[in-house]
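**Student:** only geometry, no sequence info:
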Ligand code: PBG
């Protein structure tokens, strides 16, 4: 027998040497939830191990991540009150804006801060834009999104990540940022975002479930992959600097297709439902949490992701440093 594939599997050192997929804590982004108020550090029931932080307490989450070697964060906000226009999203003293200032003041450029740009956490109806009757008005929503992005950048965001799925929003945001002298602030576009049941735990955590209907008229249909390429190419033309596919685990084929057909750095978002399923199955004694966490993350990078947004960022950074993966 000439070909013995097992020869390269004999020892951990050898297996580590011939790995095809490489990972680094540098490519991990941890989501953080900011909540209006003071002295709040309360566990999020739907996302075990994660917390709602008021701006004065968010350094707890940052410190913990830095200890694991994770220094990039995706910020979400829970405002004190909501209205039909989602004014908390672009208020100068909005919750994300307050959080950005607090973190920046304490950590300077030691941390990289990305903000989720969307209306759903701030609108009383829970949809991702401005309503006209029962539909979300695409064009009317664009100025609200660009205004939100600008206010985040003015408050200290390093990068903005629009997740609303309105058409034309990358171009609108790019234009307003450029007009205000922020031509070097990158846009990470949630270009390929599916209408997914995997967002359930997040919507509990962020209080952002739509009060009626669903998001299928603006987020993508899970049956489509050619449309994902169309979305990715459109956002590239509009000036996106990085692209995202979301969710991750059920969409590995989409990650691969977008990777092969575009040239921008590609992020994947392993969403709340993916995290919650692993946690729940582990809690029930059905799976080994560490093993499944590692294997899931490897598969997302193997599919072609360059960057991973994950609620397991801290634990994955440890697994990478130990050499168990990456
Ligand atoms: C905001 C937004 C959502 C997520 C990220 N940004 C929820 C949604 O689209 O309903 C989901 C993240 C997750 O499930 O972890 N639009």
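**Tutor:** All right, it came through fine. Treat the numbers as computed from the prediction; the structure is a model and nothing was measured.
**Student:** spell out which parts of this protein neighbour the ligand.
**Tutor:** 116, 118, 120, 128, 163, 199, 202-203, 208, 215, 271-272 (Cβ under 6 Å from any ligand atom). C-beta coordinates here come from the backbone N, C-alpha and C atoms, glycine included.
**Student:** at 5 Å what do you get?
**Tutor:** Proximity of the chain to the ligand, by Cβ under 5 Å from any ligand atom, involves residues 118, 120, 163, 199, 202, 271-272.
**Student:** which of the residues you listed sits closest to residue 24?
**Tutor:** residue 271 (21.6 Å; Cβ to Cβ).
**Student:** quick check: the closest one touching residue 193?
**Tutor:** No. Taking contacts as Cβ atoms under 8 Å, residue 271 lies outside contact range of residue 193: 9.8 Å.
**Student:** who touches both of the two?
**Tutor:** residue 246 (Cβ atoms under 8 Å, 6 or more residues apart in numbering).
**Student:** please enumerate the strands of the stretch 51-200 of the chain.
**Tutor:** Chain-ordered strands for the stretch 51-200 of the chain, with DSSP state E, counting those that start in this stretch as the definition, fall at 51-53, 72-78, 112-117, 131-132, 135-136, 159-162, 188-193.
**Student:** which of these is buried the deepest?
**Tutor:** Mean neighbour count (mean count of other Cβ atoms under 10 Å) peaks for strand 188-193 among the strands of the stretch 51-200 of the chain, with a mean of 28.
**Student:** partner strands of that one, with direction?
**Tutor:** strand 242-246 (parallel) (DSSP bridges).
**Student:** got the angle for the partner strand vs strand 112-117?
**Tutor:** Counting by axes from the mean of the first three to the mean of the last three Cα atoms, to 10 degrees, strand 242-246 lies at 60 degrees to strand 112-117.
**Student:** in the protein, which helix has the most residues?
**Tutor:** helix 138-154 (DSSP state H).
**Student:** list the buried ones in that one?
**Tutor:** Across helix 138-154, burial judged by 16 or more other Cβ atoms under 10 Å covers 138, 141-142, 144-153.
**Student:** can you redo the residues you listed as TSV with pLDDT?
**Tutor:** Shown next, in TSV, are the buried residues of helix 138-154 (pLDDT from 0 to 100):
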residue	pLDDT
138	97
141	98
142	98
144	98
145	98
146	98
147	98
148	98
149	98
150	98
151	98
152	98
153	98
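**Student:** possible to save the residues you listed as a markdown table with distance to residue 35?
**Tutor:** Supplementary listing: the buried residues of helix 138-154 in a markdown table, determined by distance: Cβ to Cβ, whole Å:
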| residue | distance to residue 35 |
| --- | --- |
| 138 | 30 |
| 141 | 25 |
| 142 | 28 |
| 144 | 22 |
| 145 | 22 |
| 146 | 25 |
| 147 | 22 |
| 148 | 18 |
| 149 | 21 |
| 150 | 23 |
| 151 | 18 |
| 152 | 17 |
| 153 | 22 |
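**Student:** tell me which of the residues you listed is nearest to residue 242?
**Tutor:** Closest to residue 242, out of all of the buried residues of helix 138-154 and judged by Cβ to Cβ, is residue 149, at 14.5 Å.
**Student:** my read is that that closest one contacts residue 178, right?
**Tutor:** No. Using Cβ under 8 Å as the test, residue 149 is too far from residue 178 to be in contact (11.5 Å).
**Student:** distance from stretch 17-36 to the middle of the chain?
**Tutor:** Averaged C-alpha coordinates place stretch 17-36 at 11 Å from its chain's average position (Cα atoms, centre = their mean, to the nearest Å).
**Student:** end-to-end on that stretch?
**Tutor:** Terminal residues of stretch 17-36 are spaced 48 Å apart (Cα to Cα, to the nearest Å).
**Student:** please enumerate residues in contact with the longest helix of the chain?
**Tutor:** 85-86, 89-92, 94, 96-97, 100, 115, 117-119, 128-130, 132, 160, 162, 164, 166-169, 172-173, 175-177, 180, 182, 185, 187, 218.
**Student:** neighbours of residue 289, just the number please.
**Tutor:** Neighbours of residue 289 under the rule other Cβ atoms under 10 Å: 14.
**Student:** need the contact list for it.
**Tutor:** Contacts of residue 289 (Cβ under 8 Å, 6+ apart): 278-279, 282.
**Student:** report how many residues lie close to residue 54.
**Tutor:** Quick note: residue 54 (other Cβ under 10 Å) scores 20 neighbours.
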